[in-house]
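Student: return atomic coordinates for the entry below.
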Amino acid sequence: MPLSDGNCSATNSSNIASDKDVSPNSSLDDQLLSGLSDILLSDHDVEENSQEVGQEESSSPVFDSCPLSCKVSAMLTMALINRHKLTSRAANDVIALLVAHWPDHHRGFTSLYTLKSRFAEMVGKQPEMQSVNYCKQCHLILNEKSGCEECGEAASVGEYLQANLEMQIQQLFQDHSFVSHLDKRSGNLQDPGHSGVVEDVTTGKEYGNYLLFHKPVMSKYNLTFALNTDGVAVFRSSKNGSLWPVYLAVNELPPKLRFSPKYVILAAVWCQASKPDVYVLLEPLMRQLRQHFEQGIQIESSFWKGRCHPALLLVTVDLPARALVTCMKQYNGKSSCVYCEQVGTRVSNQTYWPFENEVRARTQQSLWRDAKLANVRREPVGGIKGASPLLLAKPFDMSKGVVIDWMHGMLLGLTKKLLELWLQPVNRHNMFYIGDKIDALDNRLLEIEVPDIISRKPRTLRDASGWKANELRSWLFHYSVPVLFGILPPAYFVHYTIFVSAMVTLNSLSVTVIQLDRIKCQLDDFYKAFERFYGIENCTMNVHLLRHLTDVVRRWGML
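Tutor: Residues are numbered from 1 along each chain as shown. Presented below is the predicted three-dimensional model:
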């Protein structure tokens with residue numbers, strides 16, 4: 001199942017570490033590789049000498065006896081420039097120093113210009129973007145920027161960028177490696193959703209239903225997409241706005257390649273002072289996807305000729321973005337769960353989610369019904385504020401296709417929440433409080449020898465509020481049980497290990513349907529006891545999502 005927007009660094013690091021030309025003793029700091037694309041400086045920053053680098057495969061070594069490939073060399077140099085915020089002159093000086101240590105007949109870069117060119121080739125050709133004008137008052141797409149005829153106010157015109165979706169799909173099929181992966185996946189696909197074992201998206205129940213109910217247009221070269229969007233801060237002040245890219249990842253690719261910049265489709269980009277107008281940003285894209293699914297796209301390449309019928313199957317977003325794209329109340333509002341119709345309990349003007357034995361599941365039909373009523377009444381109905389553009393996409397089912405964001409929900413959400421409950425002095429009168437034993441906890445934690453598969457050494461629990469997602473993952477999977485044993489009161493410790501056991505299993509390579517049934521019972525038991533142990537005021541939406549976690553895995557594959 002796709003992961004959210006926070007795993008780019010880990011992906012880059014793993015790609016480098018697995019390169020055949022890298023020395024076995026290489027050790028790469030994942031922070032060094034973060035934000036590589038941010039360093040693509042403008043061309044006018046550098047006066048290029050006319051020397052050009054020979055066009056060599058990126059997997060070739062920089063020179064014959066060099067342990068680093070050209071690809072790794074370019075990525076590490078870009079990371080160094082980015083990390084230390086080097087000026088163009090300083091970057092060129094660093095590159096000149098590297099070149100001085102290389103033999104005359106090397107295959108590497110010779111200047112910042114050629115480094116940028118090499119890096120851009122690895123990232124892949126970027127799609128051409130088209131500016132789309134819209135009226136901020138009535139949400140109409142405008143042909144010109146002069147103003148809206150309906151509202152008559154030129155000042156109300158905004159714009160965002162939209163990429164050519166059909167052209168990018170055409171370009172994917174020009175790549176022999178891409179087509180080969182589709183061939184391999186087709187040969188390995190056997191009765192998805194009904195084998196009794198869940199591994200990835202293509203072995204989930206909903207993918208199997210997609211293949212079953214759309215046989216007339218089925219082909220091994222049809223593509224299905226996972227949509228992702230989230231706000232990215234590009235200014236120091238949030239008042240200046242944020243960047244909201246909309247990405248489509250191809251589910252038929254292997255998980256390691258699915259989010260590679262080479263194969264991810266950039267559908268649209270929103271950059272305004274305000275949050276995206278979901279109708280303006282997504283409605284044209286959803287109609288375009290529906291049209292392509294029904295009519296198909298004619299592919300003409302050296303590797304395959306035919307019609308591809310792409311389909312949107314799932315959407316992965318965090319809770320704030322989920323409320324935005326589904327046109328629902330925020331996660332702290334009543335009836336704000338996209339999977340069920342539980343209303344929640346209001347306490348001190350906040351909504352909490354105690355365990356309920358019987359909850360009614362939402363369906364695509366019930367979402368349409370509530371959206372229509374909300375439009376008529378001009379007020380939310382069942383947590384729905386209006387018709388989401390996602391309802392237009394075919395064969396997408398919003399009641400099943402908006403998947404849980406594991407990183408934000410379970411790591412940065414629930415795991416971090418438990419640490420706060422245990423350690424913050426405000427909870428010192430509760431039985432679960434162990435903040436007064438933080439020195440003993442740190443002694444255990446910091447003495448742990450970390451294997452190479454973990455990129456960060458553990459930090460003190462005094463800094464837990466600033467831990468990143470991968471640190472929280474290491475805590476949850478590897479450190480927490482031995483560190484907490486004998487310190488966290490026994491009842492709370494046993495309760496916590498239920499959560500750990502379930503998360504470890506759901507993050508493994510595969511799980512059987514029988515295991516999922518058992519884990520669902522475990523998580524229900526954890527959820528029921530959570531309110532009793534920690535109080536209803538801590539039963540947030542992230543706790544409630546445990547109720548639906550195994551259903552999401554059953555439908556779409558492992559977390």
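Student: what's the longest helix in this structure?
Tutor: helix 513-534 (DSSP state H).
Student: buried stuff in that one?
Tutor: 515-516, 519-520, 522-523, 526-527, 529-531, 533-534 (16 or more other C-beta atoms under 10 Å). Every residue, glycine included, has its C-beta placed from N, CA and C.
Student: could you do stretch 336-354 as well?
Tutor: 336, 337, 338, 339, 340, 342, 343, 344, 351, 352, 353, 354.
Student: what's the answer for stretch 163-172, then?
Tutor: 163, 165, 168, 169, 170, 171, 172.
Student: check the third one and give its pLDDT.
Tutor: The reference is to residue 168. pLDDT, residue 168: 93.
Student: any idea which element it lies in?
Tutor: Here residue 168, judged by DSSP states H and E, is contained in helix 165-172.
Student: what helices or strands is the helix or strand just after that helix leaning on?
Tutor: On the C-terminal side of helix 165-172, the closest following helix or strand by DSSP H and E is helix 176-188. Contact here means 3 or more C-beta pairs under 8 Å, 6 or more residues apart in numbering; DSSP states H and E; on that basis helix 176-188 packs against no helix or strand.
Student: give the rounded mean pLDDT of helix 176-188.
Tutor: 84.
Student: what is the burial count for residue 118?
Tutor: Applying other C-beta atoms under 10 Å, we find 22 residues neighbouring residue 118.
Student: actually residue 197, sorry about that
Tutor: Count around residue 197 with other C-beta under 10 Å applied: 11.
Student: just the CA coordinates for the longest helix of the chain, please, in PDB.
Tutor: This file holds the C-alpha atoms of helix 513-534, laid out as PDB (Å, rounded to 0.1, in the frame of the first residue of the first chain):
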ATOM      1  CA  VAL A 513      -6.700 -13.600   5.900                       C
ATOM      2  CA  ILE A 514      -6.800 -15.700   9.100                       C
ATOM      3  CA  GLN A 515      -4.100 -13.500  10.600                       C
ATOM      4  CA  LEU A 516      -6.100 -10.400   9.700                       C
ATOM      5  CA  ASP A 517      -9.100 -11.800  11.500                       C
ATOM      6  CA  ARG A 518      -7.000 -12.300  14.600                       C
ATOM      7  CA  ILE A 519      -5.400  -8.900  14.400                       C
ATOM      8  CA  LYS A 520      -8.800  -7.200  14.000                       C
ATOM      9  CA  CYS A 521      -9.800  -8.800  17.300                       C
ATOM     10  CA  GLN A 522      -6.600  -7.700  19.000                       C
ATOM     11  CA  LEU A 523      -7.000  -4.100  17.800                       C
ATOM     12  CA  ASP A 524     -10.600  -4.100  19.000                       C
ATOM     13  CA  ASP A 525      -9.400  -5.300  22.400                       C
ATOM     14  CA  PHE A 526      -6.700  -2.600  22.500                       C
ATOM     15  CA  TYR A 527      -9.300   0.100  21.400                       C
ATOM     16  CA  LYS A 528     -11.800  -1.000  24.100                       C
ATOM     17  CA  ALA A 529      -9.100  -0.900  26.900                       C
ATOM     18  CA  PHE A 530      -7.600   2.400  25.600                       C
ATOM     19  CA  GLU A 531     -10.600   4.400  26.800                       C
ATOM     20  CA  ARG A 532     -10.500   2.700  30.200                       C
ATOM     21  CA  PHE A 533      -6.700   3.200  30.600                       C
ATOM     22  CA  TYR A 534      -6.300   6.700  29.200                       C
END
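Student: could you list every helix and strand that that helix packs against?
Tutor: If you count contacts as 3+ C-beta pairs under 8 Å, 6+ apart, helix 513-534 packs onto strand 197-198, helix 490-506, helix 541-544, helix 546-556.
Student: can you rerun that using 6 Å?
Tutor: Judged by 3 or more C-beta pairs under 6 Å, 6 or more residues apart in numbering; DSSP states H and E, the packing partners of helix 513-534 are helix 490-506, helix 546-556.
Student: ok, now which ones touch residue 544?
Tutor: Shown in contact with residue 544 (C-beta atoms under 6 Å, 6 or more residues apart in numbering): residue 353.
Student: the same query, at a cut-off of 7 Å, please.
Tutor: Applying C-beta atoms under 7 Å, 6 or more residues apart in numbering to residue 544 gives the contacts 337, 353.
Student: against residue 354, how distant is it?
Tutor: Using C-beta to C-beta, to the nearest Å, we find residue 544 at a distance of 9 Å from residue 354.
Student: repeat that for residue 202.
Tutor: From residue 202 to residue 354 the distance is 36 Å (C-beta to C-beta).
Student: go on, residue 417?
Tutor: According to C-beta to C-beta, residue 417 stands 16 Å off from residue 354.
Student: for residue 454, same thing?
Tutor: According to C-beta to C-beta, residue 454 and residue 354 sit 36 Å apart.
Student: how many neighbours does residue 94 have?
Tutor: Counted with other C-beta under 10 Å, residue 94 comes out at 17.
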